[in-house]
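Trainee: Predicted model and sequence below, questions to follow.
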Amino acid sequence: MRILVTGGCGFIGSNFVRLILSERPDWEVVNLDKLTYAGRLENLQDMADNPRYRFIHGDICDPQAVAEAMRGCQFAVNFAAETHVDRSLLGASHFIDTDVKGVLVLLEEARRVGLARFIQISTDEVYGSIEQGSFTEESVLNPRNPYAASKAGGDRMAYAYWATYGVPVIITRASNNYGPYQYPEKLIPLFVTNALRDEPLPLYGDGRNVRDWLFVEDHCRALLFLLEHGQPGEVYNIAGGNERENIEVTRAVLRLLGKPESLIRFVADRPGHDRRYSLDASKLHRLGWQPQVPFEVGLERTVRWYVDNRWWWEPIKDHDGEFRRYYELQYGARLA
Ligand code: NAD
Ligand code: DAU
């Protein structure tokens, strides 16, 4: 069995590659990654010498790179994407390139080589915001920011290749992930690493937006489960079942680190900020998968990982000009 993982140097992709190599000893993994600012070779440096692992530096928008990477594979899981909502508000064209056109290139090649399974990693953001209740897989899509809109494009393109050509596509829509190796632009790793340095935690708006937190290892296990038990042509919601207001998450991070709440800074809101995400994941539960890691346990493990792995995030924050430029653009005026 050979599996193509695209975007395997990112947060969820690298956790997934590690899971596959340890839990499926007879599988080979090919990782195709463009190494954008979010793609870090060091995320998988412990796997680099594994004979069952091969890294290819390339773009999913490049048909030749995709053909080389998919050669001999039976499965593919597409994690490759531009993923940060705030960055999509600063400019969205490369979101369309990777999150829509790149998916098309992958699907064309999957069709050409007759792949046995193709998982398109979509997101709960394609449904938009919900004040009460939860979205099922049948709910209307209503993406409300450029990132979410581009992901909805990739999601529906994948479905179109199933409906039109019978490419055995499975689409997953997961809630907010957290855990080791998450780039420190996202809420939890940004706040943990800022707090460790006694820097302010910029909380948008009133801090009462709700996200449902899914530990990354639970997400990866759900994806492996779906590769082996999911039905082609189907969509599956993957939820952590841990809805929390951002302010609660922030306070929990500060408590775990023994830092004061005076570090919290309420700042200008994200434009169009979705108030609440909530998924009904009973379809996946009926198939036989449940998350295993309670939020309090996962958060403690995550905070501990950032405390213990400064080698990983300090170079990003201190020496990566890209991060500093972005931080100034996103937070400079907000925190001034
Ligand atoms: P990430 O930003 O940490 O990593 C993205 C990876 O994709 C990076 O390694 C990057 O180099 C690579 N990449 C980007 N453009 C590429 C291209 N054109 N060709 C090849 N590689 C490219 O992202 P993540 O948080 O790990 O998210 C992975 C996937 O899961 C994405 O599709 C995202 O939309 C989806 N998702 C994420 C979450 C979450 O909470 N993080 C939740 C639901 C769904
Ligand atoms: O829901 C799934 C999505 O979760 C994924 O599809 C995205 O790829 C992923 O980035 C994530 O999107 P969010 O926008 O929900 O994640 P983020 O970590 O950026 O923000 C989480 C919440 O925290 C959100 O309500 C905005 C708020 N926030 C975020 C940042 C970065 C702040 O208040 N301050 C911040 O500085």
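Mentor: Perfect, thanks for sending it. Ligands and ions are numbered 1, 2, ... in the order given.
Trainee: so how far is Glu296 from Arg270?
Mentor: As judged by Cβ to Cβ, to the nearest Å, Arg270 and Glu296 stand 26 Å apart. In this view, the C-beta of every residue, glycine as well, is placed from N, C-alpha and C.
Trainee: Quick check on the two: which one has the bigger neighbour count.
Mentor: Per other Cβ atoms under 10 Å, whichever of Arg270 and Glu296 has more neighbours is Arg270, with 15 against 11.
Trainee: That one reaches Leu89, doesn't it?
Mentor: Yes - with contact defined as Cβ atoms under 8 Å, Arg270 counts as touching Leu89 (7.1 Å).
Trainee: what does the stretch 101-250 of the chain have sitting close to ligand 2?
Mentor: Within the stretch 101-250 of the chain, the positions lying close to ligand 2 (Cβ under 6 Å from any ligand atom) are 123-125, 175-176, 186-187, 190, 202-204, 209, 211, 246.
Trainee: Compare these and tell me which is most surrounded.
Mentor: Neighbour max across these (other Cβ under 10 Å) = Asp124, 27 neighbours.
Trainee: give me every residue that touches that one.
Mentor: Asp124 sits next to Phe135, Arg173, Ala174, Ser175, Asn176, Asp212, Asn237, Ala239, Tyr277, Leu279 when contact means Cβ atoms under 8 Å, 6 or more residues apart in numbering.
Trainee: Tell me which two of these sit farthest apart.
Mentor: Phe135 and Asn176 (14.0 Å; Cβ to Cβ).
Trainee: helices or strands up against the helix ranked longest in the chain?
Mentor: In the chain, with assignment by DSSP state H, the single longest helix is helix 146-165. Here helix 146-165 touches helix 85-90, helix 93-96, helix 103-113, strand 117-123, strand 169-174, going by 3 or more Cβ pairs under 8 Å, 6 or more residues apart in numbering; DSSP states H and E.
Trainee: ok, back up a step: any idea which of the residues of the stretch 101-250 of the chain next to ligand 2 is closest to His84?
Mentor: Proximity of those to His84, judged by Cβ to Cβ, is greatest for Lys186, which lies at 7.1 Å.
Trainee: wouldn't the closest one be in contact with Asp86 here?
Mentor: No - look at Lys186 against Asp86 with Cβ under 8 Å: they stay out of range, at 9.4 Å.
Trainee: Which stretches in the chain count as helices?
Mentor: Secondary structure of the chain (DSSP H): helices at 11-23, 63-70, 85-90, 93-96, 103-113, 146-165, 187-196, 216-229, 246-257, 282-287, 295-308, 310-319, 321-335.
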